[in-house]
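Chemist: how does the following fold in three dimensions:
(one chain, ligands or ions: 1)
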Amino acid sequence: MSDSLMPVYNRAPLAVERGEGAWLHDTNGVAYLDCVAGIATDALGHAHPRLIAALTEQATKIWHVSNIFRIPGQEALAQRLTEACFADVVFFGNSGSEAVECALKAARRYHSVAGAPERIDVIGFAGSFHGRTYAAINAAGNPSYVEGFGPPLPGYAQLMIDDEAGIAAAIARPTTAALIVEPVQGEGGARALSGAWLQRVRRLCSEAGVLLIHDEVQSGMGRTGRLFAHQWYEDAAPDIMCLAKALGGGFPVAACLATREAARGMTAGVHGSTFGGNPLAMAVAIAAFDEISKPETLAHACAVSADLFERLAALATRYPDVIADVRGKGMLIGLKLIPNNRDFMVLARDQRLLVAGGGENCVRLLPPLTLTFDEAAEAVARLEAACAEARGRLAQAA
Ligand code: PMP
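Modeler: All right, here's what the predicted structure looks like:
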């Protein structure tokens, strides 16, 4: 591997040449069934014809203009997004971290312009992931991402998801600005929060005048079978929501959505981006949105997810010594393992199946929403072969 890259990634020894649907082909011509999908990014699979058409058509017109001009694609995509959820306004960025950064800035600024500048505290949760900027690592508080990067930023604290009393007390504090949570924790290991949890926190935040931020960077854009994960539940919608990953179906683009009220501090000059929402990104994201938001796309994702969960539950009963739990929601699925998850990912790769890692010793299955029933069956068959190999190794080690 190249030593001219900053070695910040644990890379698998696999160089991809091309992809098609749920399949990746490496530079040696070997085909892999891709249940990583760019970590929940390639929601429509690889090389989707509609995305290719949108990208190539836009490429001949205009790639980039500054946000000092109107960008019609932004207006069109913002209209689609706001019509599809609680939000009134959208800011476009390029990555999930940037969407989170915008959400946190909007929340503090909201209180500042409302005459309560002392409200700066952001409540986050153990096991969460919000990205790699300073604000994002401080909001999630994962020690391995924070340590060595200087003093912690003021105004960030994390609670346990099940600490009901602590959460209520923190929301009620007069210095609290916002609470940020992933409706389904992704990197934390496909942990889906209950509707009751999301509704309770929604109610507490409303009562206290605290802004509720949902980080749907991973759980949004159809991943759970609804356009946004919180839409599974009544009365759970946030004030601010972060999107990225599948928003562009693989093209880098992100969005921070908010109610007009929550965004009232975000006035001209207080925030911005050079590339955010450029015409090329907008053209692809509009095509991705129109495809993902189709009722039939979401219904298909729900049906294949149900099939996958059934097959995986049966697999877990056949391999209780390998799989401790099957969890998650929709096409954001976690297998909590007994053998080491990183070792298991290698065994899966040996079976030409790609899965992602996750917290709590999980591997995640994040296939394209377009995965067919046959491909779902094939993925589980390959997982079964990896389980058999893992069992053999456990027996050898014993
Ligand atoms: N939030 C969540 C929930 C994520 O899963 C991620 C990426 N894994 C991010 C934020 C950060 O996104 P990005 O890597 O695009 O900055």
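
Chemist: who are the neighbours in contact with the residue nearest to the spatial centre of the chain?
Modeler: In the chain, the C-alpha nearest the mean C-alpha coordinate belongs to Gln218, at 1.0 Å (CA atoms, centre = their mean). Applying CB atoms under 8 Å, 6 or more residues apart in numbering to Gln218 gives the contacts 39-40, 96, 182, 184, 186-187, 245, 332. Backbone N, C-alpha and C define where each C-beta goes, glycine included.

Chemist: how near is Leu193 to Phe125?
Modeler: 9 Å (CB to CB, to the nearest Å).

Chemist: quickly list what's touching both of those two.
Modeler: 161, 181, 185.

Chemist: contact distance from the ligand - what residues of the protein qualify?
Modeler: 39, 95-97, 100, 129-131, 182, 186-187, 215, 217-218, 244 (CB under 6 Å from any ligand atom).

Chemist: so which of those sit within strands?
Modeler: Asp215 (DSSP state E).

Chemist: re the thing from before, neighbour-wise, which one of the shared contacts of Leu193 and Phe125 leads?
Modeler: Within the shared contacts of Leu193 and Phe125, most neighbours by other CB atoms under 10 Å means Gln185, with 27 neighbours.

Chemist: pretty sure it contacts Ala126?
Modeler: No. Gln185 is beyond contact range of Ala126, at 9.5 Å (criterion: CB atoms under 8 Å).

Chemist: about what we covered before: what is the nearest of the shared contacts of Leu193 and Phe125 to His230?
Modeler: Val181 (9.8 Å; CB to CB).

Chemist: the closest residue to the residue nearest to the centre of the chain other than its chain neighbours and Asn278: what is the separation?
Modeler: Leaving aside its chain neighbours, Gln218 sits nearest to Gly186 (3.4 Å; criterion: CB to CB, 6 or more residues apart in numbering). The gap separating Gly186 from Asn278 is 26 Å, by CB to CB.

Chemist: next up, phi/psi of Ala306, please.
Modeler: phi -60, psi -40 (degrees, to the nearest 10).

Chemist: how far does stretch 139-154 stretch from start to finish?
Modeler: 10 Å (CA to CA, to the nearest Å).

Chemist: and stretch 207-223, by the same measure?
Modeler: Per CA to CA, the first residue of stretch 207-223 is 30 Å away from its last.

Chemist: return the distance of that stretch from the chain's centre.
Modeler: 11 Å (CA atoms, centre = their mean, to the nearest Å).
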